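Novice: how would this look folded up:
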Amino acid sequence: MAAKSDGAAVSEQSETPSRCLVGPEQRPTLYRYVGTPYTLVDCCWVLCALLVFFSDGATDLWLAADYYLRGNNWWFWLTLLFVVVPSTVVQVLSFRWFVYDYSELSGTSSGAAPAASGGDFSTKGSEQRSTGNAAGASSLPATGTMSSTRRCCRVCMWIFQSVIHVLQLGQVWR
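Specialist: Alright, predicted model coming up:
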């Protein structure tokens, strides 16, 4: 006889099947990724969110312009400060997330990611990436052996993301 964690006696030859680790193909559907179709309702919610995002920015700038035209410079600069500073913080964080995601996708554990992340900031799993323990890092070619087409695509992606974030559209893109 053995005992359960609550102290009840249990026969070692129980009728319940033994629990063992199973592979991903044998897991119940609860644990598998099940993609849901993108519906018209989802599209409407995304369009509504974009409408609210852009109208918020437009009304903020409209208010700042109104203060400026009325000669209320103090309120103009204060409004501009409360609009630009949070937006800039969001864009910096969004760009940092892009650097983190893109460096993980490309399999590079060094290079632009640590420099762009500010050095002392760390995220979940950053110590594994910095030591080169990422699972996919060894299977991808090193940065120096990339073809010129792939290197051009990477440069274009960095330029595109930089322009998106300078235009304060990183949140919309993400």
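Novice: my read is that residue 67 contacts residue 81, right?
Specialist: No: look at residue 67 against residue 81 with Cβ atoms under 8 Å: they stay out of range, at 12.0 Å. For glycine as for every other residue, the C-beta is placed from the backbone atoms N, C-alpha and C.
Novice: which one's more surrounded, those two?
Specialist: A side-by-side neighbour count of residue 67 and residue 81, using other Cβ atoms under 10 Å, places residue 67 first with 18 against 11.
Novice: how about residue 67, what does it touch?
Specialist: 73, 75, 76, 79 (Cβ atoms under 8 Å, 6 or more residues apart in numbering).
Novice: let's see it at 7 Å
Specialist: 75, 76, 79 (Cβ atoms under 7 Å, 6 or more residues apart in numbering).
Novice: quick one, which of these are buried?
Specialist: Using 16 or more other Cβ atoms under 10 Å as the burial test, the contacts of residue 67 include 76, 79 as buried.
Novice: closest to residue 150 among the contacts of residue 67?
Specialist: residue 79 (45.1 Å; Cβ to Cβ).
Novice: please report how far the residue lying closest to that closest one once chain neighbours are set aside lies from residue 172.
Specialist: Spatial nearest neighbour of residue 79, chain neighbours left out: residue 64 (4.4 Å); criterion: Cβ to Cβ, 6 or more residues apart in numbering. In this view, residue 64 and residue 172 are 21 Å apart by Cβ to Cβ, to the nearest Å.
Novice: same question, residue 76
Specialist: Counting by Cβ to Cβ - residue 76 and residue 172 are separated by 26 Å.
Novice: for the strand or helix carrying residue 101, give the mean pLDDT please.
Specialist: Using DSSP states H and E, residue 101 maps to helix 73-106. Average pLDDT, helix 73-106: 89.
Novice: which strands and helices sit next to that helix?
Specialist: Where contact means 3 or more Cβ pairs under 7 Å, 6 or more residues apart in numbering; DSSP states H and E, helix 73-106 is packed against helix 40-69, helix 112-116, helix 148-166, helix 170-173.
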